[in-house]
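A.B. asks: Have a look at this fold, sequence not included:
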């Protein structure tokens, strides 16, 4: 019945390949936008057509809204999939698509706007009766920040209202650091978002990051696909994600699903999204953090335990079809873990290592999934993020998934560029990680011990 | 067998230059490379991606402007098992004729004339100066004029009016005038 017949992909790397694969399975034509550096990439060859949209630097290619829409129109594409990053959370792309009769595969521009302002989103959650971390409205200057900080208690976290991704986010341990840290956070927010508004929250020292994957269609159907635990992160960049969360009990699990769906229904959300929560392990409480209005890097973890294809769902939802499953029909099975393999050198403060891959041998094993655009001879360009591959394993339970990850990492050979594979191997072998006894600051301490390096924020 | 890259071509040219041979032909899959020495003994070369029926262009030996030797133009080598299908097509036709390309500075719609019905900026055979406008590329109602960037004679217009062009796609082939 109807549906989209051609998709223009405004992204690169593994996610471009992932979207092309979904298109092929749905028998939909795929057209890929490529920068000059990606002209001969694996996704460029896998797509039915590739169109060069600009120079290697994203500012002249993957971030050009008008050029992307122009290229989609010029290739007679019906819809645009933005992937993650780049233009995925720019409401302007969806708006321009609508003006030109193109379908944006993602949320409505209004959804993106509402959730993009982190402070507005926080207030909305509060109005819906969802707990938010004790903190403030805008803090205009260090003096106002000091006033609020004394009320909620140090340490506190300064956050950018426009923000996300750790930019403009800083921890303040005591009153003495507040003034300088405030200025630093404001400057960082200004350069990242062109908006230096900050707000302040109580800092939760023993926290876990838990997020709920949701899907919603044009007919008012909204379902959750359970949670992912992304507590293993460095400088607010996720490193390991898993599902289900080893830290939630069944009661809290139902509570976060309900909270997530109440937000989705309240704003009339469309397509795939993720609602993030902070779990205070000492208090046994959870708080709303923010919503990501896009497909996420770690979506395969959910696909592995539910058997659903989230990217295909995104395309069919955008094409006007209802969700392929009801909430009752979704079930989870086993435990999945994902490691983000980056071209980085942990020993050198995670310095990116672009260059030619002399050898690329990913594991080929049962219950192991590798999402990657790399191959032997591929040149990792210096213009983009350093993600080489997502390595995902699935076991009947968590210990089995960890064991399989150890095997998979041991069977993953990359030469020519440094990768984070050895680091993940030592994390998988670590007893604290195996016991599930970690928090969002755990990697920091782990790295200090492992590398004798300082990995502070 | 690995594709021939630019370094290989440079090496082949050097070999020919230093040898007593006058002509060298090399066929590698779809790529055919023919290198001939000119009367003054300097090596010149051209390549084509269709081995079938290709030969030295008739006007080659008589061409006025073959020196200095052009930068070797070779298809960018693809990794093994690569298929050309789907690869962006911007490095397009005809650069083998020793002509120089004017490339699209951006993706957009190519217009030969300032407005519909108006005479085109340039026609085939016409001479252009560096600062002459040769076409317009439109991106979402934003009209960008493209300058020739070199002094020469337009030998070929490679794109149809109102067609979408990619970044760095060849729009015109120009015979440079010195």
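C.D. replies: Thanks, I have it. Computed from a predicted model, the values in this text were never measured in an experiment. Residues are numbered from 1 along each chain as shown, chains lettered A, B, ... in the order given.
A.B. asks: list the contacts for the closest residue to chain A within chain B?
C.D. replies: Chain A sits closest to residue B:164 of chain B, with a gap of 3.1 Å, by C-beta to the nearest C-beta. No exception for glycine: its C-beta is placed from N, CA and C like everyone else's. Neighbouring residues of residue B:164 by C-beta atoms under 8 Å, 6 or more residues apart in numbering or on different chains: A:70-71, A:74-75, B:107-110.
A.B. asks: ok, 10 Å please
C.D. replies: By C-beta atoms under 10 Å, 6 or more residues apart in numbering or on different chains, the contact set of residue B:164 is A:51, A:70-71, A:73-76, B:104, B:107-110, B:137-138.
A.B. asks: again, but for residue A:97
C.D. replies: Counting by C-beta under 10 Å, 6+ apart, residue A:97 makes contact with A:8, A:65, A:68-69, A:72-73, A:79-80, A:82, A:103-106, A:109.
A.B. asks: where are the low-confidence patches of the chain?
C.D. replies: Just going to use chain A. Residue ranges of chain A with pLDDT under 70: A:1-2, A:165, A:453-457.
A.B. asks: That was the other one, I meant chain B.
C.D. replies: Checking chain B against pLDDT under 70 turns up B:1-97.
A.B. asks: please redo it, this time with the cut-off set to 80
C.D. replies: B:1-97, B:178 (pLDDT under 80).
A.B. asks: What ranges does the stretch 301-450 of chain A have for its helices?
C.D. replies: For the stretch 301-450 of chain A, the helices defined by DSSP state H, counting those that start in this stretch occupy A:310-318, A:398-410, A:421-428, A:431-434, A:442-451.
A.B. asks: Dump those helices to TSV, plus distance to chain B and mean neighbour count.
C.D. replies: TSV is the format used below for these (distance: least, C-beta to the nearest C-beta, whole Å; neighbours: other C-beta atoms under 10 Å in any protein chain shown):
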stretch	distance to chain B	mean neighbour count
helix A:310-318	19	22
helix A:398-410	24	19
helix A:421-428	22	20
helix A:431-434	37	13
helix A:442-451	34	17
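A.B. asks: Go through the ones you listed and name the closest to residue A:339.
C.D. replies: Closest to residue A:339 of the helices of the stretch 301-450 of chain A, according to C-beta to C-beta: helix A:421-428, at 4.4 Å.
A.B. asks: And that closest one, what does it pack against?
C.D. replies: Under the contact definition 3 or more C-beta pairs under 10 Å, 6 or more residues apart in numbering or on different chains; DSSP states H and E, helix A:421-428 sits against strand A:222-234, strand A:237-243, strand A:335-342, strand A:387-395, helix A:398-410, helix A:431-434, helix A:442-451.
A.B. asks: quick check, distance from that helix to the centre of its chain.
C.D. replies: Offset of helix A:421-428 from its chain centre (C-alpha atoms, centre = their mean, to the nearest Å): 21 Å.
A.B. asks: Please apply the same query to stretch A:21-32.
C.D. replies: Centroid displacement of stretch A:21-32 relative to its chain, using C-alpha atoms, centre = their mean, is 23 Å.
A.B. asks: swap in stretch A:143-152?
C.D. replies: Relative to the centre of its chain, stretch A:143-152 is centred 31 Å away, using C-alpha atoms, centre = their mean.
A.B. asks: How about residues contacting it?
C.D. replies: Contacts of stretch A:143-152 with the rest of the structure, by C-beta under 10 Å, 6+ apart, involve A:133-139, A:142, A:155-156, A:158, A:172, A:174-175, A:178-179, A:181-182, A:185, A:198-203.
A.B. asks: Who does residue A:156 form a beta bridge with?
C.D. replies: In this entry, residue A:156 is beta-bridged to residue A:172, residue A:202, by DSSP bridges.
A.B. asks: need the contact list for it.
C.D. replies: By C-beta under 10 Å, 6+ apart, the contact list for residue A:156 reads A:133-136, A:139, A:145-146, A:148-150, A:170-175, A:177-178, A:181, A:200-203.
A.B. asks: before we move on, back to that, name the nearest of the contacts of residue A:97 relative to chain B.
C.D. replies: When those are compared against chain B (criterion: C-beta to the nearest C-beta), the nearest one is residue A:69, at 6.9 Å.
A.B. asks: contacting residues for the closest one?
C.D. replies: Counting by C-beta under 10 Å, 6+ apart, residue A:69 makes contact with A:8, A:10, A:77, A:80, A:92-93, A:95-97, A:99-100, A:102, A:104, B:139-140.
A.B. asks: State which one residue of chain A is found closest to chain B.
C.D. replies: Per C-beta to the nearest C-beta, residue A:74 is where chain A lies closest to chain B, at 3.1 Å.
A.B. asks: what's the spacing between the closest residue to that residue other than its chain neighbours and residue A:349?
C.D. replies: Leaving aside its chain neighbours, residue A:74 sits nearest to residue B:164 (3.1 Å; criterion: C-beta to C-beta, 6 or more residues apart in numbering or on different chains). Separation of residue B:164 from residue A:349 (C-beta to C-beta, to the nearest Å): 44 Å.
A.B. asks: Would you mind listing the buried residues in stretch A:345-355?
C.D. replies: By 16 or more other C-beta atoms under 10 Å in any protein chain shown, the buried positions in stretch A:345-355 come out as A:345-346, A:350, A:352-353.
A.B. asks: Residue A:374 is in contact with residue A:42, correct?
C.D. replies: Yes: counting by C-beta atoms under 10 Å, residue A:374 is a contact partner of residue A:42 at 7.6 Å.
A.B. asks: neighbour count winner among these two?
C.D. replies: Neighbours were counted for residue A:42 and for residue A:374 using other C-beta atoms under 10 Å in any protein chain shown; residue A:374 has more, 23 against 20.
A.B. asks: At which residues are the strands of the stretch 251-400 of chain A located?
C.D. replies: Ranges of strands in the stretch 251-400 of chain A, per DSSP state E, counting those that start in this stretch, are A:271-280, A:285-292, A:335-342, A:344-345, A:351-352, A:355-356, A:359-361, A:368-372, A:379-380, A:387-395.
A.B. asks: what's the angle between the second one and strand A:271-280?
C.D. replies: Orientation check (axes from the mean of the first three to the mean of the last three C-alpha atoms, to 10 degrees): strand A:285-292 against strand A:271-280 gives 150 degrees.
A.B. asks: hmm, back to that, report whether the expected contact of the residue of chain A closest to chain B with residue B:140 is present.
C.D. replies: No: using C-beta under 10 Å, residue A:74 is not in contact with residue B:140; the gap is 11.3 Å.
A.B. asks: Return every residue with contacts to both of the two.
C.D. replies: The contact sets of residue A:74 and residue B:140 overlap at B:108-109 (C-beta under 10 Å, 6+ apart).
A.B. asks: What is the burial count for residue A:220?
C.D. replies: Residue A:220, neighbours per other C-beta under 10 Å, totals 9.
A.B. asks: From residue A:270, how far out is it?
C.D. replies: From residue A:220 across to residue A:270, the span is 10 Å (C-beta to C-beta).
A.B. asks: show me what contacts residue B:119?
C.D. replies: Each residue near residue B:119 by C-beta under 10 Å, 6+ apart is listed here: B:112-113.
A.B. asks: now residue B:166
C.D. replies: The contact partners of residue B:166, by C-beta under 10 Å, 6+ apart, come to A:33-34, A:36, A:39, A:50-54, A:71, A:74-75, B:88-90, B:92, B:103-104, B:106-108.
A.B. asks: what helix or strand does the closest residue to residue B:100 other than its chain neighbours sit in?
C.D. replies: Distances taken as C-beta to C-beta, 6+ apart place residue B:174 nearest to residue B:100, at 5.0 Å, with adjacent residues excluded. If you go by DSSP states H and E, residue B:174 is part of strand B:170-176.
A.B. asks: now for that strand, which elements pack on it?
C.D. replies: When contacts are defined as 3+ C-beta pairs under 10 Å, 6+ apart, strand B:170-176 sits against strand B:100-103, strand B:127-128, strand B:133-139, strand B:152-157.
A.B. asks: need the helices and strands packed on helix A:421-428 in TSV with distance to residue A:14, can you?
C.D. replies: Below are the helices and strands packed on helix A:421-428 laid out as TSV (distance: least, C-beta to C-beta, whole Å):
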stretch	distance to residue A:14
strand A:222-234	18
strand A:237-243	15
strand A:335-342	10
strand A:387-395	6
helix A:398-410	16
helix A:431-434	24
helix A:442-451	22
